[in-house]
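**Q** Sequence and predicted structure, then a few things I'm wondering about:
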Amino acid sequence: MAVQPSSSAVRALSLEYRGLQDEPVEGFCVKLLNEDNLFEWEVAIFGPPDTLYQGGYFKAHVKFPPDYPYSPPSVRFLTKVWHPNVYENGDLCISILHPPVDDPQSGELPCERWNPTQNVRTVLLSVISLLNEPNTYSPANVDASVMYRRWRDSKGKDKEYENIIRKQVLSSRGEAERDGVVVPLTQEDYCIKTKVKPDAEPVDMYDFYDDDYDIDDDDDGDDDDDELSENGEAWVGVTEIDDGDDSGNGES
């Protein structure tokens with residue numbers, strides 16, 4: 001029997017999703033797999049400029065547990081990513097996604113693991129950082145880890161790791177084109193500076209755990225501001241390609 005999501009989990013995800021629309025974060029874009037399901041997101045992570053992954057468009061699925069944010073989400077790459085901390089099936093292995101249990105053999109400190117103050121932003125920003133700075137102490141992909149260390153220790157003279165990444169980046173650009181997305185290549189395009197709306201009210205983090213909260217309640221009686229976007233998407237740090245069609249279719 002499936003465990004029903006808690007109302008606090010629905011509340012938290014609803015606020016986070018709308019927050020990513022109101023205050024975008026550089027380096028990734030998000031959308032819901034299904035407009036009626038807040039617990040499964042599709043994300044696209046852009047390779048940071050001035051790294052091997054520059055120009056890359058790496059798609060992944062993020063699944064949230066029914067008791068989120070008390071338990072961490074899971075992240076699985078759909079795009080092939082040759083990386084020390086990504087399993088062959090695409091599952092990501094990173095400390096921030098590990099449950100907050102005592103596991104001395106893992107070599108991880110409790111503070112490095114998941115805790116309820118983490119959120120989608122911190123997870124995805126950690127993933128972006130991990131692309132350029134892999135954890136090779138407990139790799140999910142041993143071959144990629146060995147190859148990465150050779151590349152790093154040779155100061156780039158051993159090109160095997162670099163060549164694989166560049167091929168995957170090039171391949172991912174085709175998918176970006178199909179999705180109508182221009183991947184940012186410069187720091188200026190990659191970094192987003194957002195402005196908080198003058199009338200925006202601060203979010204009380206403790207409200208995440210208020211099970212009596214009515215998601216559709218609004219002071220002005222208008223539910224429109226509390227609904228997800230019409231197409232369930234929040235494009236962050238991207239530019240849609242104008243094809244001339246105004247129809248709008250556009251770590252272990």
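**A** Yep, that arrived.

**Q** CA atoms for contacts and neighbours, from now on please.
**A** Fine.

**Q** ok, so what distance separates P99 from Y137?
**A** P99 sits at a distance of 19 Å from Y137 (criterion: Cα to Cα, to the nearest Å).

**Q** With neighbour numbers in mind, choose between those two.
**A** It is P99, of P99 and Y137, that has more neighbours when counted by other Cα atoms under 10 Å, with 16 against 13.

**Q** The more buried one reaches Q118, doesn't it?
**A** No - if you go by Cα atoms under 8 Å, P99 and Q118 don't touch, sitting 11.8 Å apart.

**Q** Partner strands of the longest strand seen in the chain and their direction?
**A** Using DSSP state E to define each element, the chain has its longest strand at strand 37-46. In the sheet, strand 37-46 lines up against strand 28-34 (antiparallel), strand 57-63 (antiparallel) (DSSP bridges).

**Q** mind listing what's buried in the first one?
**A** For strand 28-34, a neighbour-count test (16 or more other Cα atoms under 10 Å) marks F28, C29, V30, K31, L32, L33 as buried.

**Q** Same question for stretch 146-160.
**A** Within stretch 146-160, the residues scored as buried using 16+ other Cα under 10 Å are M147, Y148, R149, R150, W151, D158.

**Q** my guess is the first one contacts E160, does it?
**A** Yes - the pair M147 / E160 is scored as a contact, 7.0 Å apart, by Cα under 8 Å.

**Q** Touching both of these two, which residues are there?
**A** Common neighbours of M147 and E160 (criterion: Cα atoms under 8 Å, 6 or more residues apart in numbering): none identified.

**Q** in stretch 48-57, what counts as buried?
**A** For stretch 48-57, the neighbour count (16+ other Cα under 10 Å) marks P48, P49, L52, Y53, Q54, G55, G56, Y57 as buried.

**Q** now what about that stretch, what contacts it?
**A** In contact with stretch 48-57 (Cα under 8 Å, 6+ apart) are residues 27, 44-47, 128, 131-132, 162, 165-166, 168-170, 172-173, 175-176, 183-187, 190.

**Q** And the strands in the stretch 101-250 of the chain?
**A** Secondary structure of the stretch 101-250 of the chain by DSSP state E, counting those that start in this stretch: the strands cover 181-182, 233-234, 239-240.

**Q** Compile the buried residues of strand 28-34 into a markdown table and extend it with columns for pLDDT.
**A** Listed next are the buried residues of strand 28-34 as a markdown table, based on pLDDT from 0 to 100:
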| residue | pLDDT |
| --- | --- |
| F28 | 88 |
| C29 | 86 |
| V30 | 89 |
| K31 | 90 |
| L32 | 91 |
| L33 | 87 |
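
**Q** Below-threshold pLDDT in the stretch 51-200 of the chain: ranges please.
**A** Residue ranges of the stretch 51-200 of the chain with pLDDT under 70: 100-111, 192-200.

**Q** Next, find the distance separating Y137 from S172.
**A** Counting by Cα to Cα, the gap from Y137 to S172 is 28 Å.

**Q** Return the per-residue confidence for the closest residue to L33 other than its chain neighbours.
**A** In space, and not counting its chain neighbours, L33 is closest to W41: 5.4 Å by Cα to Cα, 6 or more residues apart in numbering. Listed pLDDT for W41 reads 94.

**Q** likewise the one 3 residues further on?
**A** Reading off the per-residue confidence, A44 sits at a pLDDT of 91.
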